[in-house]
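Student: Everything below, folded, please.
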Amino acid sequence: MKCRTCGKKASVNMRQHKLALCKEHYLEWLPAQVERFIQKYRMFAHDEKILVAVSGGKDSLSLWDILHYLGYQADGLYICLGIDSSTSLGASGGADYSAESQRLAEQFAAGHGLKLHIVNVQEQTGKTIPEWAEASLRGRGKPCSVCGLVKRHVMNRIARDLGYDVLATGHNLDDEAAVLFGNTLTWSGEYLLRQGPVLPATSGLARKVKPLFRLYEREMLAYALLRGIEYIYDECPFALGSTSIYYKELLNKLENDRPGAKLAFYLSFLEARKKGLFAEQEQVQQELHPCPNCGQPTSAPGLCSFCRMVKH
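Tutor: Residues are numbered from 1 along each chain as shown. Below you'll find the model as predicted:
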């Protein structure tokens, strides 16, 4: 397989795009695609302050790398969840997962001269994520829902308190397609309404964007490897057996037989929503009000979900 641009041996072959590129031209092509998506979906401008949620994984570190390369004002936020070999929930393979993730995020920031904010959940709330999962009925013994709640709260708070215009996450197409697949199976209208590459800012909440949402996980893996970005290879130990991974496996089978199926599935959803698929739900969205304890917007009566969890 030869590079379409220069004719040299290709390093990456993208069947879904019918495109093969060498290392040099792939590392030019992918950031250009991200810039095109940023502009097309009006995610942010060069004069806005961007906070990138980094986990130490390939997608978030690659996103930060790309935004830096493109000249955007992007700082990082790492949230230490306290997931390691001492967890009492019995997950295997998680030895020092959070510590290693943090090390890689700090290493990347130092190597590129970038600012990284670090928030330690245990120091902020008194418990690690696994401990909160055990203590909270919301967790029911599994930390994923608690983890999502805590991360959303921390990301929103840091973006608000430090004056960032935009909160960017490294969700790729595989992530988005799997979530969409799960929400479609149950027709979860409330979740479908909120899914998309851009979630506009509201009172007290920064705009949320996903610049990698049209890029396959395999494309992001190739970028990280070709750029020499050191990242944590292991999945979160608690993700083992999760429905999201199962949905990804199903979609990968479809993609293998029909290259481009995942992209078509997700883009068709965005087009249907644009044409008013969820018009009725949009008219009856719940109003938000500030949580009396932390000040973050919530639709719940009284305290927000995070403050209720911590309080109890």
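
Student: now the strands: where do they sit in the stretch 51-200 of the chain?
Tutor: Assigned by DSSP state E, counting those that start in this stretch, the stretch 51-200 of the chain shows strands spanning 73-80, 116-120, 166-168, 198-199.

Student: now for the longest one, which elements pack on it?
Tutor: In this case it means strand 73-80. Secondary-structure packing of strand 73-80 (3 or more C-beta pairs under 8 Å, 6 or more residues apart in numbering; DSSP states H and E): strand 49-53, helix 58-69, helix 97-112, strand 116-120, helix 121-125, helix 144-161. No exception for glycine: its C-beta is placed from N, CA and C like everyone else's.

Student: For residue 311, which non-adjacent residue is closest in space?
Tutor: Spatial nearest neighbour of residue 311, excluding adjacent residues (C-beta to C-beta, 6 or more residues apart in numbering): residue 303 at 6.7 Å.

Student: was I right about residue 49 contacting residue 167?
Tutor: No. Between residue 49 and residue 167 there is no contact under C-beta atoms under 8 Å: 10.4 Å.

Student: Who has more neighbours out of these two?
Tutor: A side-by-side neighbour count of residue 49 and residue 167, using other C-beta atoms under 10 Å, places residue 167 first with 23 against 16.

Student: so what's the more buried one up against?
Tutor: 50, 51, 53, 155, 156, 159, 206, 207, 208, 209 (C-beta atoms under 8 Å, 6 or more residues apart in numbering).

Student: what's the neighbour count on the third one?
Tutor: Around residue 53 there are 23 other residues, counting by other C-beta under 10 Å.

Student: That one and residue 7, how far apart?
Tutor: 39 Å (C-beta to C-beta, to the nearest Å).

Student: which of the strands of the stretch 51-200 of the chain sits most buried?
Tutor: By mean neighbour count, with neighbours taken as mean count of other C-beta atoms under 10 Å, strand 166-168 ranks first of the strands of the stretch 51-200 of the chain at a mean of 25.

Student: what pairs with that strand, and is each one parallel or antiparallel?
Tutor: Strand pairing for strand 166-168, determined by DSSP bridges: strand 49-53 (parallel), strand 207-209 (parallel).

Student: Let me know the angle separating the first one from strand 116-120.
Tutor: Comparing the axes of strand 49-53 and strand 116-120 via axes from the mean of the first three to the mean of the last three C-alpha atoms, to 10 degrees yields an angle of 50 degrees.

Student: and the angle from strand 49-53 to strand 73-80?
Tutor: Angle, strand 49-53 to strand 73-80, by the same axes, to 10 degrees: 30 degrees.

Student: now strand 49-53, how far from the centre of its chain.
Tutor: Remark: strand 49-53 is offset 12 Å from the chain centroid, using C-alpha atoms, centre = their mean, to the nearest Å.

Student: Then the last one?
Tutor: Averaging C-alpha coordinates over strand 207-209 and over its chain gives two centres that are 11 Å apart (C-alpha atoms, centre = their mean).

Student: Using JSON lines, lay out the strands paired with strand 166-168 together with mean pLDDT and distance to residue 247.
Tutor: Below are those laid out as JSON lines (pLDDT from 0 to 100; distance: least, C-beta to C-beta, whole Å):
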{"stretch": "strand 49-53", "mean pLDDT": "98", "distance to residue 247": "22"}
{"stretch": "strand 207-209", "mean pLDDT": "97", "distance to residue 247": "22"}
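
Student: could you dump those strands to CSV with distance to residue 115?
Tutor: Output for the strands paired with strand 166-168, formatted as CSV (distance: least, C-beta to C-beta, whole Å):
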stretch, distance to residue 115
strand 49-53, 10
strand 207-209, 19
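
Student: And those strands: which comes nearest residue 258?
Tutor: Closest of those to residue 258 is strand 207-209, at 28.5 Å (criterion: C-beta to C-beta).

Student: about what we covered before: could you dump the contacts of residue 167 into CSV with distance to residue 186 added?
Tutor: Shown next, in CSV, are these (distance: C-beta to C-beta, whole Å):
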residue, distance to residue 186
50, 33
51, 31
53, 26
155, 26
156, 26
159, 30
206, 29
207, 28
208, 23
209, 26
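
Student: which one of the residues you listed is nearest residue 192?
Tutor: Using C-beta to C-beta, those come closest to residue 192 at residue 208, 16.0 Å.

Student: residue boundaries of the helices in the chain?
Tutor: 23-40, 58-69, 97-112, 121-125, 129-135, 144-161, 173-185, 189-194, 217-227, 243-257, 261-274, 279-283, 305-311 (DSSP state H).

Student: winner for burial among those helices?
Tutor: When the helices of the chain are compared using mean count of other C-beta under 10 Å, helix 58-69 is most buried, at a mean of 24.
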